[in-house]
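Student: Fold the following.
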Amino acid sequence: MFVRAGIRVAVRACAMNNYVFPFKNPSLSPEERAEDLLSRMTLREKAAQLDLKFGNNYCTKVDKNHNCSVDENSDYDWDKLKRDFPDGLGYLHDNYSVPSVMNKLQKFFISNSRLGIPVIFTGEALHGISGTRGTILPIPTAIASTFEPDYAFRAGRVIAKEAASLGIREVLAPNLDVAREPRWGRTEETFGEDTCLSSNMAVGIVKGHQNGDISQPDSVISEPKHYCVHGIAEAGLNCAVARAGKREIDSCYLPVFEAAIKEGGAYDVMVSYNCIDGDVLMASDYYLRKVLKEKFGLKGICRSDWGGIIRIKEAHKLTATDEGAVYLAKKNGLDCQGGSEYPNKFWVDTIEKLVNEGKISEENINESCRRVLKLKFTLGLFENPYTDEDGYKSVINKKEHLDLALEIAQKSAILLKNDGILPIENGRYKKIALIGPSGNKVRLGGYSAIPVGRIIPTVYDVLKKELPGSEILQADGCGISEDKELTLAGQQHLLGFKADRITDNINEAVKIAQEADLIIFCGGDDGISSGEGRDRCELTLCGNQPALVGKLAETGKPLISVIIHGKPLVLTNESRVSDAVLSCWFGGECGAQAICDVLTGKVNPSGKLPFSLPVSSTRIPCYYSMLPGASNEYYEGSRNALYPFGFGLSYTSFDYSDLKVDVTDSDNVKVSVTVKNTGKYDGDEVVQIYVEDCESSVVTPDILLKAFKRVSLRAGESMEVVLKLDNKAFSLVNVNYEKVIEPGDFIIYAGASSRELRLKEKITITPEMIVKSN
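Tutor: Now for the predicted structure:
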């Protein structure tokens with residue numbers, strides 16, 4: 001028996017079991033096997049395990065449809081691979097392909113590393129595995145709009161099953177940035193502006209990815225990003241500094257990652273490439289070691305976001321040398337470098353040099369390598385490194401996956417305004433004009449797969465089918481973004497991405513609209529106006545869309561505006577001139593069907609806003625949980641959002657009554673409220689519970705969402721909805737930066753949005769009622 005790094009490892013009678021080395025013995029624990037393998041590795045081999053590289057840079061044939069994918073008939077430049085990775089490799093990214101191709105590459109790394117260590121294939125999967133094959137789900141913001149964590153879990157299962165069937169065992173998702181800066185392009189990747197909603201969705205999707213056991217062949221490692229404050233980027237610009245105090249970070253942003261790791265079980269974390277008030281996260285001992293590993297107990301690795309280590313030198317200027325950048329990252333707790341970083345040889349040479357010079361201990365490298373090896377053993381890669389080469393055919397795009405994509409898209413549609421014009425009855429209008437740049441275009445969202453071999457319908461396609469009693473006229477009228485290529489340094493998936501080629505022809509579109517009895521405007525965002533690196537300083541509809549909407553309104557015809565978007569937009573003018581406004585986030589491959597289902601009344605809209613939508617581009621921030629104390633008025637008007645967080649109308653109506661709050665202790669508070677469907681349509685309502693701290697030692701928001709539940713009610717049906725509040729609902733970070741519950745009065749609100757609080761009940765939590773969380 002011997003002990004290494006606090007872990008007792010049993011070197012058992014391996015010869016009796018026909019295992020040459022203990023790490024080859026599957027009856028040992030992943031910890032024991034990792035420790036034995038680590039003891040046999042050279043320093044260079046350990047350093048190589050802490051690297052990630054792109055598979056498509058070594059293939060002989062890149063997929064013509066997706067520049068990060070490898071053609072299914074491709075081979076690899078084996079000589080170049082041997083030259084570049086003499087010590088092995090930890091991870092391979094951007095190698096989306098079929099399992100037969102993945103297996104060839106896996107076999108190479110096993111055969112050409114001294115100890116036969118497999119690689120982990122990793123991939124992007126924010127709303128479906130990237131590449132050319134995966135089911136394209138609605139974007140994460142749409143999932144959040146359902147206010148149903150079970151949808152996040154089920155989405156996670158679809159992603160995991162499809163990714164694993166292709167040989168990918170780690171996904172670089174979800175994005176857990178609490179997004180309160182609407183100009184930032186990556187808001188579409190997040191679960192919104194609220195800590196409670198984001199935390200619940202985070203736990204759901206991480207559990208879906210990992211399903212409680214990553215050794216199962218249909219599970220993957222979940223890697224939440226971007227740890228830990230990136231959704232309030234200064235000026236709304238990608239990679240920008242987060243100017244936030246410790247109390248705000250501990251109260252608003254860290255809890256989402258903590259929930260994903262402690263409750264969801266997330267193994268890995270991707271570290272953000274920005275800084276918090278000057279503390280560069282990629283080199284922060286406090287956030288990487290003290291918080292992430294010691295406090296949260298991260299089981300796997302923390303990895304740099306693309307180019308993040310290089311930015312320590314180039315952008316943040318903490319050092320003048322590349323060696324200094326690697327030193328600061330490794331010294332302060334970063335485990336692995338991500339993509340678009342240093343070449344493998346430089347990475348391995350530098351780590352070897354830093355250890356030999358005594359600047360970094362070998363145990364520092366051992367700790368990180370140990371984490372990587374434990375993941376590989378836990379995944380079962382040493383026993384099962386290869387993927388069934390035909391199994392994916394019965395998994396990818398299967399009916400239940402597409403059904404879920406449609407259901408989420410349906411449940412996420414948000415009705416912002418309705419003067420009674422919706423739903424549209426078949427045959428009511430002889431001619432309907434579908435006008436706008438998204439009426440006959442597919443809007444999938446960032447990081448989505450490129451669908452190959454299947455046709456994704458547009459709103460125009462579906463509307464003709466759903467309303468056979470009306471003639472559907474169609475015209476684009478204008479484009480959304482300029483016809484230009486927009487790229488982001490180091491982001492291969494953005495190369496070659498261009499705006500739609502739509503020629504502005506507003507006059508012709510208006511002429512067509514004048515022939516109709518009803519106009520449906522369909523516009524919003526495209527892949528240039530929203531997404532990574534697609535930050536905006538104006539949040540009104542992009543391009544000439546506002547002018548087009550204005551001209552359509554001038555016709556005097558009934559006007560419905562359908563907004564398909566990624567980021568929170570200013571819809572003030574559209575709301576003023578339209579008879580109805582329907583907000584739909586990028587809905588994946590079933591988005592068009594969902595939109596038409598809502599328009600025609602096949603589905604009753606029930607989505608709720610995960611973001612507050614501002615009145616104008618200058619009246620931001622406008623998230624509902626801003627701290628009190630400021631004036632509420634500008635010279636031009638109120639600072640309040642046009643549409644608040646949690647808002648969303650229905651074709652029916654709901655009444656709230658009989659709020660009851662039963663307090664056992666601070667960790668056991670039962671809230672019940674009766675909800676009745678008082679309209680003529682069956683429908684879903686999202687019951688939202690907010691808490692106000694009436695007296696506290698530090699300033700807290702007026703209200704905070706602390707619980708919610710989606711319920712389905714038939715017309716005329718009533719239901720008692722029961723929710724539970726625990727310590728998290730009443731805690732704060734006090735003047736000493738301690739998370740505590742202070743005794744006193746709290747008001748519990750039940751309502752339909754953060755602005756529509758229907759009922760309230762005051763409770764008192766005495767010192768005797770305060771209990772410690774488990």
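Student: ok, the nearest residue to residue 85 once chain neighbours are set aside - how many residues close by?
Tutor: With C-beta to C-beta, 6 or more residues apart in numbering as the criterion, residue 85 has its nearest non-adjacent residue at 6.0 Å, and that residue is residue 344. Glycine gets a C-beta too; all of them are placed from N, C-alpha and C. Neighbours of residue 344 under the rule other C-beta atoms under 10 Å: 21.
Student: need the contact list for residue 344.
Tutor: By C-beta atoms under 8 Å, 6 or more residues apart in numbering, residue 344 lies in contact with 48, 51, 53, 84-85, 89.
Student: can you do 10 Å?
Tutor: Residues counted as contacts of residue 344 (C-beta atoms under 10 Å, 6 or more residues apart in numbering) are 47-48, 51-53, 84-90, 337.
Student: just residue 421 next, same as before
Tutor: Applying C-beta under 10 Å, 6+ apart to residue 421 gives the contacts 428, 518, 558-560, 578-580.
Student: quick one: which of those residues has the most company?
Tutor: With neighbours taken as other C-beta under 10 Å, the top of the contacts of residue 421 is residue 578, carrying 27 neighbours.
Student: before we move on, which element is residue 45 in?
Tutor: helix 43-48 (DSSP states H and E).
Student: list the buried ones in that helix?
Tutor: Across helix 43-48, burial judged by 16 or more other C-beta atoms under 10 Å covers 43, 45-48.
Student: And for stretch 723-733?
Tutor: In stretch 723-733, counting by 16+ other C-beta under 10 Å, buried: 723, 725-733.
Student: Just these: which are in strands?
Tutor: Secondary structure from DSSP state E places 723, 725, 731-733 of the buried residues of stretch 723-733 in strands.
Student: Would you format those as JSON lines with pLDDT and distance to residue 317 included?
Tutor: Listed next are those as JSON lines, based on pLDDT from 0 to 100; distance: C-beta to C-beta, whole Å:
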{"residue": "723", "pLDDT": "98", "distance to residue 317": "49"}
{"residue": "725", "pLDDT": "98", "distance to residue 317": "46"}
{"residue": "731", "pLDDT": "98", "distance to residue 317": "38"}
{"residue": "732", "pLDDT": "98", "distance to residue 317": "36"}
{"residue": "733", "pLDDT": "98", "distance to residue 317": "31"}
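Student: quick one: which two of those are the most distant?
Tutor: Across those, the longest distance by C-beta to C-beta is 24.1 Å; it joins 723 and 733.
Student: coming back round to it: and the ones in strands among the buried residues of stretch 723-733, which is closest to residue 706?
Tutor: Nearest to residue 706 among these, with distances taken as C-beta to C-beta, is residue 725, at 5.7 Å.
Student: was I right about that closest one contacting residue 672?
Tutor: No. In this structure, residue 725 is not within contact of residue 672 by C-beta atoms under 10 Å, at 11.5 Å.
Student: Quickly list what's touching both of the two.
Tutor: Counting by C-beta under 10 Å, 6+ apart, the contacts common to residue 725 and residue 672 are residue 661.
Student: How far away from the center of its chain is the helix or strand harbouring residue 257?
Tutor: Using DSSP H and E, residue 257 sits in helix 254-258. In terms of C-alpha atoms, centre = their mean, to the nearest Å, the centre of helix 254-258 is found 14 Å from the chain centre.
Student: Tell me which other helices or strands it touches.
Tutor: When contacts are defined as 3 or more C-beta pairs under 10 Å, 6 or more residues apart in numbering; DSSP states H and E, helix 254-258 sits against helix 195-210.
Student: list the helices and strands the helix it packs on packs on?
Tutor: helix 140-145, helix 149-165, strand 170-171, strand 221-222, helix 254-258, strand 683-693, strand 704-713.
Student: 8 Å - rerun?
Tutor: Helices and strands touching helix 195-210, by 3 or more C-beta pairs under 8 Å, 6 or more residues apart in numbering; DSSP states H and E, are helix 140-145, helix 149-165, strand 221-222, helix 254-258, strand 704-713.
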